[in-house]
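**Q** Sequence first, predicted model second:
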Amino acid sequence: MKFGGVSVADGAKFRKVGSIVQRYVSRGDQVAVVTSAMHSVTNTLTDAATQASRKKRDYVKKAADDLAERHRKAAEDSIEDKEIRARTLESLSATCEDLKNVLLGIAHIGELTPRSRDYVLGFGERLSAPLLAGVLEDLGLKARAFTGGEVGIVTDDDYGSAQPLMNVTTLQVRQALEPLMEDGVTPVISGFIAQTQEGIQTTMGRGGSDFTASIVGASIRCDEVWVWKDVDGLMTANPKLVKNARFIDSISFAEAMELAHFGAEVIHPKALECAARYQLPFRVKSIADPDRQGSSIVSEAKVKDGDVVKAITNINDVDLITVSGASMVGTPRLPAKVLQILTDEAIDVLMISQSSSEESITLAIPKEGGSKAQNALELSLLGSKQVREVSMEAGLSIVAVVGAGMRGTPGVAARVFTTMAREGINIRAIAQGSSELNISFIIKRKDTERAIQALHDDFKLGG
Ligand code: ASP
Ligand code: MG
């Protein structure tokens, strides 16, 4: 079971999470728990690390004190037993002391390496896991907290987005957890963090706690990985945009990955990839309504008749960059060059489309990256004679229509674009992957809601 930051945002929520775990353990299930840092703590740590590198001593001291206070309060609000509470508070305060020293150390020399940054970022999970273990003990369970490294997750040393070495990891995690769980102990594991073979702490990328859940699940060969959410499960569209959006009972890993890439941040794509590789069934469960089955994510998508589209999703606020010039025709290296330039600038490309006349390449970029992308492309390409112009258009969004049933079903694209034409919505660019799992297109930001609602109605996704 994995719990995210929103689910452990304060003492009352820790208690709620504890009672959910208790419910299944007392039913006779063996449960391994993975937790994120408390809500927004990793952001605070990121910020503190940056301020430390600028030698802002007072700032980081205050940040460390605030975090200590927040965790102290959460523990006091969620653990009743005096002895367990005192023990937990002591462990939290020792970890917070360590955090403060590290931040002041960084502020002293004014240097932040990727390695020390990962050390700082991991403090959120190093605090939340012992706190949750304390709550479980308070509820009468036998529980024990582990960091990712302690439980045996080893990665390479690509700090910030370290990759687990799965062969060693699965073996070590199983050896660490199985005997313990046989003894009735509920392990509580820090998500997001792991360590190198030399024992140096790493992080596996923002949102990486989901990934930890997959890794642990694959290691102990669990029956299912349950990701608990404050939303009720995966939905056919964002319920804030579409009133009659429905729950999806069952979806394939490939479809869920498409949804994740297109802004429905329900489960981290790396976690899905890992789960798919180890054939690990996933389930998204609702904290507010644990009796509900939730959405299950499985290897094979069940495609019901006429059920070609599973969900409509969107990314708001994208910029469209178009690189054009007649002499791009037949210059195969140019697309590679364009992408390389953007990679060097660490700009994420959300969508690419190239016209078959090869006169232009169009790229969708998150809003923050638009001008930077345009500048970098102009600087490198305008002298090259192949390229005439690099233009940018802002205020757009991507809409993606996702579903495994689209594969080999003719006419889906026609239906999508007919619907848009009927609504009078102009389409600026289109892309479809050869997997045929999604059709995505770019429209004006202000048309997004209308487009999604119309498609949702047209494909009869509503309840
Ligand atoms: N705490 C980490 C983050 O905020 C990992 C996670 O929450 O999954 O990115
Ligand atoms: Mg998350």
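**A** Sure, I can see it. Ligands and ions are numbered 1, 2, ... in the order given.

**Q** which parts of stretch 269-283 are buried?
**A** 269-272, 274-276, 278, 280-283 (16 or more other Cβ atoms under 10 Å). For the C-beta atoms, the positions are set from N, CA and C on the backbone; glycine is no exception.

**Q** and what of stretch 144-161?
**A** Quick answer for stretch 144-161 (16+ other Cβ under 10 Å): 144-155, 159.

**Q** Same check on stretch 377-389?
**A** 377-378, 380-381, 386-388.

**Q** What residues sit buried inside stretch 237-244?
**A** Buried-residue list, stretch 237-244, by 16+ other Cβ under 10 Å: 237-238, 241-242.

**Q** For residue 427, give me its contacts.
**A** Counting by Cβ atoms under 8 Å, 6 or more residues apart in numbering, residue 427 touches 417, 420, 441-443.

**Q** Present those residues as a markdown table; the columns should include secondary structure.
**A** A markdown table is the format used below for these (DSSP: H, G, I helix; E, B strand; the rest coil):
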| residue | secondary structure |
| --- | --- |
| 417 | helix |
| 420 | helix |
| 441 | strand |
| 442 | strand |
| 443 | strand |
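
**Q** Closest to ligand 2 out of those?
**A** Lowest distance from ligand 2 to the contacts of residue 427 (Cβ to the ion) belongs to residue 442, with 26.3 Å.

**Q** any idea how far the closest one is from residue 397?
**A** Plainly put, residue 442 is 7 Å away from residue 397 if you go by Cβ to Cβ, to the nearest Å.

**Q** shared neighbours, these two?
**A** What both residue 442 and residue 397 touch, as defined by Cβ under 8 Å, 6+ apart, is the set residue 318.

**Q** backbone phi and psi for the residue in the stretch 351-463 of the chain that ligand 2 sits nearest to, please?
**A** Using Cβ to the ion, residue 366 is the residue of the stretch 351-463 of the chain that sits closest to ligand 2, at 18.0 Å. Backbone torsions of residue 366, given as degrees, to the nearest 10, read phi -60, psi 150.

**Q** wait, it sits on residue 318?
**A** Yes. Contact criterion Cβ atoms under 8 Å: residue 366 and residue 318 qualify, at 6.1 Å.

**Q** Do a quick rundown of the helices in the stretch 151-300 of the chain.
**A** In the stretch 151-300 of the chain, the helices defined using DSSP state H, counting those that start in this stretch lie at 166-182, 209-220, 253-261, 269-277.

**Q** Tabulate these (TSV), appending mean pLDDT.
**A** What follows is the helices of the stretch 151-300 of the chain, written out as TSV (pLDDT from 0 to 100):
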stretch	mean pLDDT
helix 166-182	98
helix 209-220	97
helix 253-261	81
helix 269-277	91
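
**Q** Deepest-packed of the ones you listed, please.
**A** Comparing these by mean neighbour count (mean count of other Cβ atoms under 10 Å), helix 209-220 comes out on top with a mean of 27.

**Q** ok, back up a step: which one of the buried residues of stretch 144-161 is nearest to ligand 2?
**A** residue 148 (15.4 Å).

**Q** Can you verify my assumption that the closest one contacts residue 196?
**A** No. Contact criterion Cβ under 8 Å: residue 148 and residue 196 do not qualify, at 11.5 Å.

**Q** and the stretch 151-300 of the chain, which residues reach ligand 2?
**A** For the stretch 151-300 of the chain, the contact set with ligand 2 under Cβ under 5 Å from the ion comprises residue 207.

**Q** Identify the residues contacting the residue of the stretch 151-300 of the chain found nearest ligand 1.
**A** The stretch 151-300 of the chain approaches ligand 1 most closely through residue 209 (3.2 Å), counting by Cβ to the nearest ligand atom. Residue 209 sits next to 2, 4, 34-36, 125, 191-192, 268 when contact means Cβ under 8 Å, 6+ apart.

**Q** count of residues packed around the residue lying closest to residue 80 once chain neighbours are set aside?
**A** Spatial nearest neighbour of residue 80, excluding adjacent residues (Cβ to Cβ, 6 or more residues apart in numbering): residue 138 at 5.8 Å. A count of nearby residues for residue 138, using other Cβ atoms under 10 Å, gives 22.

**Q** The least confident helix or strand in the chain by mean pLDDT near ligand 1 anywhere?
**A** None of the helices or strands of the chain scores lower by mean pLDDT, DSSP states H and E than helix 253-261, at a mean of 81. No. Judged by Cβ under 6 Å from any ligand atom, helix 253-261 makes no contact with ligand 1; its nearest approach is 13.0 Å.

**Q** That helix packs against which elements?
**A** In terms of contacts (3 or more Cβ pairs under 8 Å, 6 or more residues apart in numbering; DSSP states H and E), helix 253-261 is packed against helix 269-277, strand 295-298, strand 311-324, strand 389-402.

**Q** Touching the first one from outside, list them.
**A** Spelled out, that is helix 269-277. Looking at helix 269-277 with Cβ under 8 Å, 6+ apart, the contacting residues turn out to be 204-205, 208, 210-211, 213-215, 217-218, 225, 253-254, 256-257, 260-261, 280-282, 297, 299.

**Q** Let me know the angle separating that helix from helix 253-261.
**A** For helix 269-277 against helix 253-261, the angle by axes from the mean of the first three to the mean of the last three Cα atoms, to 10 degrees is 180 degrees.

**Q** how about the buried residues of stretch 377-389 in a markdown table, adding distance to residue 78?
**A** Listed next are those as a markdown table, based on distance: Cβ to Cβ, whole Å:
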| residue | distance to residue 78 |
| --- | --- |
| 377 | 51 |
| 378 | 54 |
| 380 | 54 |
| 381 | 56 |
| 386 | 62 |
| 387 | 59 |
| 388 | 62 |
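
**Q** what's the farthest-apart pair in these?
**A** Checked with Cβ to Cβ, the buried residues of stretch 377-389 reach their widest spread between 380 and 388, with 14.4 Å between them.

**Q** Give me the nearest residue to residue 236, chain neighbours excluded.
**A** residue 461 (4.1 Å).

**Q** for the one you found, what are its contacts?
**A** 236-237, 245-246, 309, 311-312.

**Q** hmm, 10 Å instead?
**A** Counting by Cβ atoms under 10 Å, 6 or more residues apart in numbering, residue 461 touches 235-237, 242, 244-246, 248, 307, 309-312, 403, 455.

**Q** Filter these down to the buried ones.
**A** The buried subset of those (16+ other Cβ under 10 Å) comprises 235-237, 242, 245-246, 248, 309-312, 403, 455.

**Q** Can you add pLDDT and give the residues you listed back as a markdown table?
**A** A markdown table is the format used below for the buried ones among the contacts of residue 461 (pLDDT from 0 to 100):
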| residue | pLDDT |
| --- | --- |
| 235 | 86 |
| 236 | 90 |
| 237 | 89 |
| 242 | 91 |
| 245 | 90 |
| 246 | 89 |
| 248 | 88 |
| 309 | 90 |
| 310 | 90 |
| 311 | 92 |
| 312 | 93 |
| 403 | 90 |
| 455 | 96 |
